[in-house]
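[1] My questions concern the predicted model and sequence given below.
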Amino acid sequence: MKKGFSLPIKILIGLFLGVLLGLMCMHGMGVSFLKTYIQPIGTIFLNLIKFIVVPIVLFSMIEGIVSMSDLKKVMHMGLKTIIFYLVTTGFAIIIGLFVANLFNSINVFPMLDPSGLTYSPNEGKHFMQVIVDFFPSNIVAPLANANMIQIIVISIFVGFGIIIAGDKASEAKSLIISLNSVFVQIMELIINLSPIGVFCLIAPVVAENGPKVISSLGMVILVAYICYFLHMIIVYSTMVMGIGKIKPMDFFKGIFPAMTLAFSSASSVGTLPVNLECTEKMGAKKEVASFVLPLGATINMDGTAIYQGVCTVFIAACYGINLTLGQMVTVVLTATIASIGTAGVPGAGVVMLAMVLQSVGLPVEGIALVYGVDRIFDMGRTVVNITGDSACALCISKTLK
Ligand code: ASP
């Protein structure tokens with residue numbers, strides 16, 4: 001690639017070439033060639049990202065908390081962040097339900113026959129168990145297993161410990177700051193590989209899923225993408241403009257590298273390092289971004305909420321059921337709360353869809369109708385998920401100034 005292009009342009013070129021290669025390899029031996037030789041390179045890139053994400057979250061979050069040097073300030077920011085996340089997720093699911101019902105009322109959804117389908121949902125967790133699982137019972141396991149929410153809890157405690165210990169913890173504080181700079185440098189090196197990573201991740205997905213997009217489910221996918229788009233344009237633009245004082249165009253331009261990575265990797269957690277960089281470049285305070293973004297990658301899933309709304313309406317329609325207003329309110333509440341327990345990894349949203357369907361008494365087997373194209377829904381919903389995290393970080397950062 002010619003020297004001098006900026007990273008976002010290089011990523012865009014990578015994405016474009018990857019899609020092109022995928023389209024060219026849709027038939028014959030193409031798919032297996034891509035899966036054998038190209039996908040592993042994408043996996044190496046994703047592994048590197050996953051390897052850096054734990055130290056980055058741990059050290060940057062502790063550094064962020066310590067630099068605020070005020071427990072009240074941290075609690076205040078945490079509360080604001082959670083409210084912001086719950087409200088935007090609520091909007092997301094309402095947009096999903098509204099638009100899907102609109103399309104359903106003019107009969108554009110394909111009438112697929114759900115009889116004979118099977119889908120067995122994973123054991124769903126009780127909401128209280130989700131909360132219990134936030135808290136680690138030892139300090140090593142969460143780091144070894146990259147359990148994000150538990151790493152966040154550890155970081156908060158260590159940060160608080162350093163603040164309370166005061167002068168006695170000055171060495172610990174400098175060590176954290178110093179280690180954080182080392183890992184940020186490593187992260188930069190890895191992020192520079194994004195164009196190749198994006199290229200290698202997207203090509204096999206396009207080759208494998210290309211034909212499915214033009215299948216009977218194309219309409220449902222289109223409706224979900226319309227909602228993703230509307231949510232970003234209406235909700236995030238309004239928020240970054242009104243609260244963050246950033247022009248929406250500048251925001252979307254700034255977040256673009258993270259969006260492309262989210263699209264090709266379908267993982268909010270995997271996109272976190274790039275998202276941190278993009279969001280800080282747009283002016284978010286470091287200590288805010290390093291707190292709000294890891295939390296968002298774990299609990300804030302607006303795209304996933306939209307997907308649930310759209311798929312619930314679609315699956316109900318296939319069973320000849322029209323959702324009542326009461327059922328829709330249940331969907332809004334279940335999806336909003338359930339999103340907190342969803343991991344920011346590919347395919348996690350399907351587990352939540354089972355919960356949502358169960359909450360309104362729809363057969364979970366209906367998931368089999370959309371399961372085959374889940375990756376296509378997932379790419380879009382992950383883009384929305386990480387864009388929402390960034391918008392929140394920018395807004396919170398502004399309100400703390
Ligand atoms: N893949 C999504 C994410 O990482 C989660 C989901 O499956 O909805 O944000």
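    Good, I have the coordinates.

[2] For the rest of this, base every contact and every neighbour count on C-alpha atoms.
    OK.

[3] Let me see the backbone angles for I152.
    phi -60, psi -40 (degrees, to the nearest 10).

[4] what helix or strand does T304 sit in?
    helix 302-318 (DSSP states H and E).

[5] packing partners for that helix?
    helix 71-105, helix 218-231, helix 325-338, helix 348-359, helix 374-400 (3 or more C-alpha pairs under 8 Å, 6 or more residues apart in numbering; DSSP states H and E).

[6] Next, V140: phi, psi?
    The phi and psi values for V140, taken as degrees, to the nearest 10, are phi -90, psi -40.

[7] Next, work out how far apart it and V269 are.
    19 Å (C-alpha to C-alpha, to the nearest Å).

[8] When those two are compared, which one has more neighbours?
    V269 (28 against 11; other C-alpha atoms under 10 Å).

[9] Mean neighbour count, the helices and strands packed on helix 302-318: which tops it?
    Ranked by mean neighbour count under mean count of other C-alpha atoms under 10 Å, those are led by helix 374-400, which reaches a mean of 25.

[10] Could I get the average pLDDT for that one?
    For helix 374-400, mean pLDDT is 94.

[11] I'd like the helices and strands packed on helix 302-318 as JSON lines, with distance to V130 appended.
    Below are those laid out as JSON lines (distance: least, C-alpha to C-alpha, whole Å):
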{"stretch": "helix 71-105", "distance to V130": "16"}
{"stretch": "helix 218-231", "distance to V130": "27"}
{"stretch": "helix 325-338", "distance to V130": "9"}
{"stretch": "helix 348-359", "distance to V130": "13"}
{"stretch": "helix 374-400", "distance to V130": "20"}
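
[12] Of all these, which one is nearest G303?
    G303 sits nearest to helix 374-400 of all the helices and strands packed on helix 302-318, at 3.9 Å, using C-alpha to C-alpha.

[13] Remind me what that closest one packs against, helices and strands.
    helix 71-105, helix 218-231, helix 237-242, helix 248-265, helix 268-281, helix 286-299, helix 302-318.

[14] any idea how far stretch 305-321 is from the chain center?
    For stretch 305-321, the separation from the chain centroid amounts to 21 Å (computed by C-alpha atoms, centre = their mean, to the nearest Å).

[15] what does that stretch contact?
    Identification of contacts with stretch 305-321 by C-alpha atoms under 8 Å, 6 or more residues apart in numbering yields 89, 92-97, 99-101, 104, 109, 111-114, 220, 223-224, 227-228, 322-323, 331-332, 335-336, 339, 349, 352-353, 356-357, 362, 366-367, 369-370, 377, 381.

[16] go with 6 Å
    When contacts are defined by C-alpha atoms under 6 Å, 6 or more residues apart in numbering, stretch 305-321 is touched by residues 92-93, 96-97, 100, 111-112, 335, 353, 366.

[17] Need the three-state assignment for A146.
    coil (DSSP: H, G, I helix; E, B strand; the rest coil).

[18] List the residues that contact it.
    Taking C-alpha under 6 Å, 6+ apart, one finds nothing in contact with A146.

[19] Would you mind listing what in the stretch 301-401 of the chain touches the ligand?
    304, 344-349, 378, 382, 385 (C-alpha under 6 Å from any ligand atom).

[20] cool, and the chain?
    Counting by C-alpha under 6 Å from any ligand atom, the chain sits next to the ligand at 266-268, 304, 344-349, 378, 382, 385.

[21] Output the residues of the stretch 301-401 of the chain next to the ligand in JSON lines, with distance to A284 appended to each entry.
    JSON lines is the format used below for these (distance: C-alpha to C-alpha, whole Å):
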{"residue": "T304", "distance to A284": "25"}
{"residue": "G344", "distance to A284": "22"}
{"residue": "V345", "distance to A284": "25"}
{"residue": "P346", "distance to A284": "27"}
{"residue": "G347", "distance to A284": "29"}
{"residue": "A348", "distance to A284": "28"}
{"residue": "G349", "distance to A284": "28"}
{"residue": "D378", "distance to A284": "27"}
{"residue": "T382", "distance to A284": "21"}
{"residue": "N385", "distance to A284": "18"}
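
[22] Looking at those residues, which two lie furthest apart in space?
    Pairwise over those, using C-alpha to C-alpha, the maximum falls at G347 and N385, 13.3 Å.

[23] Find the nearest non-adjacent residue to V274, please.
    Setting aside the residues directly before and after it, V274 is nearest to A258 in space (C-alpha to C-alpha, 6 or more residues apart in numbering), at 5.5 Å.

[24] Next, count neighbours for that neighbour.
    28.

[25] pLDDT at it, what is it?
    pLDDT, read off for A258, is 95.

[26] same check, this time on M68
    pLDDT, M68: 80.

[27] got it, and the one 10 residues further on?
    At G78, the pLDDT value in this model is 89.

[28] how far away is it from L369?
    Counting by C-alpha to C-alpha, the separation of G78 from L369 is 39 Å.

[29] and what of A224?
    A224 is 15 Å from L369, by C-alpha to C-alpha.

[30] go on, E188?
    For E188, the distance to L369 - C-alpha to C-alpha - is 41 Å.

[31] more neighbours, those two?
    Per other C-alpha under 10 Å, whichever of E188 and L369 has more neighbours is L369, with 20 against 13.

[32] so where does that one fall, helix or strand?
    L369 belongs to helix 368-371, assigned by DSSP H and E.

[33] For that helix, list every residue counted as buried.
    368-370 (16 or more other C-alpha atoms under 10 Å).

[34] nearest to I65, of the residues you listed?
    V370 (41.9 Å).

[35] Out of the buried residues of helix 368-371, which comes closest to the ligand?
    Taking C-alpha to the nearest ligand atom as the measure, the ligand sits nearest to V370 out of these, at 13.1 Å.

[36] Point out the other helices and strands that the lowest-mean-pLDDT helix or strand in the chain packs with.
    Across the helices and strands of the chain, mean confidence by mean pLDDT, DSSP states H and E is lowest for helix 127-132: a mean of 78. Applying 3 or more C-alpha pairs under 6 Å, 6 or more residues apart in numbering; DSSP states H and E, we find helix 127-132 packed against no helix or strand.
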